[in-house]
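Q: 3D model of this:
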Amino acid sequence: MTIKEKYRLLKRMCAMITKLLEKEINESSSKISILVRELNSKNTIYKYNADKQFVSASTIKVFILLTALDEVRKGTIALDTVLEVPKKEILEGTKVFEYGPTKCSLEELLNWMIINSDNTATNVLLEHFSIDTIDKYIKEVLVLNNTTLQRKMLDFDAIKNGKNNYISQNDMYITFDKIFSKTILTPKLCNKAIEILRNQRSKAMITRYIYQNVLFANKPGGLEGLINDSGVMYINKKLYYVGIFIHNYKTKEEALKLMGTFGKIIYNYLNQYSKDKENDRS
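A: Have a look, this model is predicted:
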């Protein structure tokens with residue numbers, strides 16, 4: 001297959017994904033953002049509102065994870081450092097800390113924050129590292145324009161006072177690209193971040209209708225009126241960033257179904273495209 005033929009294959013696949021995704025977008029009244037890109041490549045397969053700023057919900061926890069691991073890199077803390085989980089930080093609804101105050105290693109807290117999206121673990125980490133430190137890491141190390149951390153989890157008073165956490169698809173792509181290319185932290189710590197993200201337990205969003213056991217290093221999130229999911233899929237030895245945000249939906253179940261529909265469309269075409277490229281090499 002020549003370079004021109006490969007380009008035509010990519011262009012054809014992008015056109016088919018675009019047609020199917022935009023049919024669903026046009027039939028929805030929700031505010032939607034989608035970005036699909038091949039990592040370590042200039043290939044943008046599909047984008048829609050990729051540069052727009054959206055409320056992050058728990059997707060912001062990726063940046064807390066990276067800031068904590070950067071402090072490990074600096075030597076100010078270790079993964080086995082034990083931190084207090086005091087009564088004042090234990091939020092209603094937590095399953096991990098439902099037995100009350102305890103102590104956990106930094107590594108355990110990071111895992112619970114990502115794989116279970118536990119807000120108590122997150123707020124303990126925010127209290128330890130500080131919101132300002134994490135936001136500084138976002139601005140100065142990752143150099144992101146549309147991402148900011150301004151409040152703790154479930155701090156609805158802060159939201160009423162105009163403080164919230166924000167992200168964009170482009171910023172999430174840049175961040176995941178840095179993790180997988182290992183241009184931040186250290187290679188070992190990037191692998192630790194990937195390992196934690198790959199252990200994500202929530203399968204209700206992008207992978208909702210994908211029956212294959214696809215590897216997906218991701219972080220979903222949701223609040224009243226919004227759901228987000230973004231991360232990196234491993235498909236036939238290739239890495240693809242897939243991010244979908246759905247805001248201002250009518251019902252959460254409707255939004256989750258739409259998220260799953262988007263995810264299945266994207267995965268099916270990326271899977272076939274990757275196979276076609278792989279077959280060309282053999």
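
Q: which strands and helices sit next to the longest helix seen in the chain?
A: Longest helix of the chain, by residue count under DSSP state H: helix 252-281. When contacts are defined as 3 or more C-beta pairs under 8 Å, 6 or more residues apart in numbering; DSSP states H and E, helix 252-281 packs onto helix 3-26, strand 31-38, strand 226-235, strand 238-247. Glycine gets a C-beta too; all of them are placed from N, C-alpha and C.

Q: how about the ones you listed, which one is nearest residue 177?
A: Each of those has some distance to residue 177 by C-beta to C-beta; the shortest is strand 238-247, at 7.0 Å.

Q: quick one: low-confidence ranges for this structure?
A: 1-3, 5-7, 274-282 (pLDDT under 70).

Q: residue 44 and residue 34 touch, don't they?
A: No - taking contacts as C-beta atoms under 8 Å, residue 44 lies outside contact range of residue 34: 11.1 Å.

Q: circling back to that earlier point, same list, the helices and strands packed on helix 252-281, but as a markdown table with distance to residue 168 please.
A: Formatted as a markdown table, the helices and strands packed on helix 252-281 follow (distance: least, C-beta to C-beta, whole Å):
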| stretch | distance to residue 168 |
| --- | --- |
| helix 3-26 | 17 |
| strand 31-38 | 8 |
| strand 226-235 | 10 |
| strand 238-247 | 9 |
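
Q: which one of these lies closest to residue 217?
A: When those are ranked by distance to residue 217, counting by C-beta to C-beta, first place goes to strand 226-235 at 4.9 Å.

Q: show me where the stretch 1-150 of the chain has its strands.
A: 31-38, 44-48, 54-55, 82-85, 102-105 (DSSP state E, counting those that start in this stretch).

Q: name the strands paired with the fourth one and say parallel or antiparallel.
A: The pairing partners recorded for strand 82-85 under DSSP bridges are strand 102-105 (antiparallel).
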